[in-house]
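Q: when you get a sec, could you give me coordinates for this:
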Amino acid sequence: MFYAQARISVDFIIDNIPLFLEGVRLTIFISIVAFALSTAGGLAVALLRMSKSRIISPLVAAYINIFRAIPLLVFILFVYYGIAISFELQVSAIQAGILALTLQYSAWLGEIFRGGIQAVSLGQGEAALSLGMSRAQAFIRVVLPQAFRISIPPTGNMFIGMIKDSSLVYLIGVPELLRVSNRLA
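A: Residues are numbered from 1 along each chain as shown. Here you go, the predicted model:
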C-alpha cells in the first residue's frame, strides 16, 4: 500500500544535483581530512601504547578506553559546544567535526595498528637486527611494512565507518549530504 503512494520526482532530483554534489563533496572532504589526521594520530597512539614507560603507556591506554567508549554523537556535540564555552574559542562546525572524528578514530586506529605491529613475528625484527640494521631501521623497513599490510582490511573498514559517521556533523550545522537532503525534503 505504501509503495503505491510513493512518487519519485526525477525532475526535482535533476534540478538539485548541484546541491547534492556540494553535500557529497563536503562529506568526502571531512572524511578524508579526518581520516588522514586520525591515521597519523593512530600510529602515534599505537607506538606510545607499546612504550615501556610506566607513565606513557597507561595514559595512552586511558585515552584509548575513554575515546572508544564515548558515543561519537555526544563527542561531536561536546567538542563543538564544550570547547567554545570552556575555552572561549571560535571553532567552526567543520573544524569541530573533523577534530571529533580525528580524536575518536585515532583511538580505534591506534589499537588496529598496535595489533598489526604485534602480529609481526619477533623473528622478523631480530633477523633485521642480525643483518646490522639499527632498531629504528628494522622497525621502519621490516616490521612496519608488514604491520601495515596486516592492518589494511580493518583500516579500510574504519574509513567506510568514518564516511558513514561523518553524517553526524549534520547536528552542528555542517551542510554535508544529510543536511542538504533534509533541507530539500
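Q: please make it C-alpha for all contacts and neighbour counts, starting now.
A: Fine.
Q: what about the residue nearest the centre of the chain, which SS state?
A: By Cα atoms, centre = their mean, the chain has its centre lying nearest to Y105, at 3.6 Å. Three-state call for Y105 (DSSP: H, G, I helix; E, B strand; the rest coil): helix.
Q: now swap in the one 4 residues further on and tell me
A: The assignment at L109 comes out as helix when based on three-state DSSP.
Q: report how many residues lie close to the residue nearest to it when sequence neighbours are not counted.
A: Spatial nearest neighbour of L109, chain neighbours left out: G42 (4.8 Å); criterion: Cα to Cα, 6 or more residues apart in numbering. If you count neighbours by other Cα atoms under 10 Å, G42 ends up with 27.
Q: give me phi/psi at G42?
A: Main-chain torsions, G42, degrees, to the nearest 10: phi -60, psi -40.
Q: now do the contacts for it.
A: 105-111, 113 (Cα atoms under 8 Å, 6 or more residues apart in numbering).
Q: can you rerun that using 10 Å?
A: Under the criterion of Cα atoms under 10 Å, 6 or more residues apart in numbering, the neighbours of G42 are 35-36, 48, 64, 102-114.
Q: okay, and A127 sits in which element?
A: For A127, the enclosing helix or strand under DSSP states H and E is helix 122-130.
Q: buried residues in that helix?
A: Neighbour counts using 16 or more other Cα atoms under 10 Å place 125, 128-129 of helix 122-130 among the buried residues.
Q: could you export the helix or strand following it as PDB, CA atoms only?
A: Later in the chain than helix 122-130, the nearest helix or strand by DSSP H and E is helix 135-138. Presented in PDB, the C-alpha positions along helix 135-138 are these (Å, rounded to 0.1, in the frame of the first residue of the first chain):
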ATOM      1  CA  ARG A 135      66.300  -0.800  15.900                       C
ATOM      2  CA  ALA A 136      64.700   2.200  14.000                       C
ATOM      3  CA  GLN A 137      65.800   0.800  10.600                       C
ATOM      4  CA  ALA A 138      64.500  -2.600  11.400                       C
END
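Q: figure out how far helix 135-138 is from the centre of its chain.
A: How far helix 135-138 lies from its chain's middle: 28 Å, per Cα atoms, centre = their mean, to the nearest Å.
Q: give me the buried positions along that helix.
A: A138.
Q: begin at 602, not 1, for the rest of this chat.
A: Shifting the count to begin at 602 puts that one at helix 736-739.
Q: what sits up against it?
A: Here helix 736-739 makes contact (Cα under 10 Å, 6+ apart) with 725-733, 742-745.
Q: ok, then the element right after that helix?
A: Following helix 736-739 in sequence, per DSSP H and E, is helix 745-766.
Q: who does whichever helix or strand comes after that next one touch, helix- and strand-wise?
A: Counting by DSSP H and E, the next helix or strand C-terminal to helix 745-766 is helix 778-785. In terms of contacts (3 or more Cα pairs under 10 Å, 6 or more residues apart in numbering; DSSP states H and E), helix 778-785 is packed against helix 618-650.
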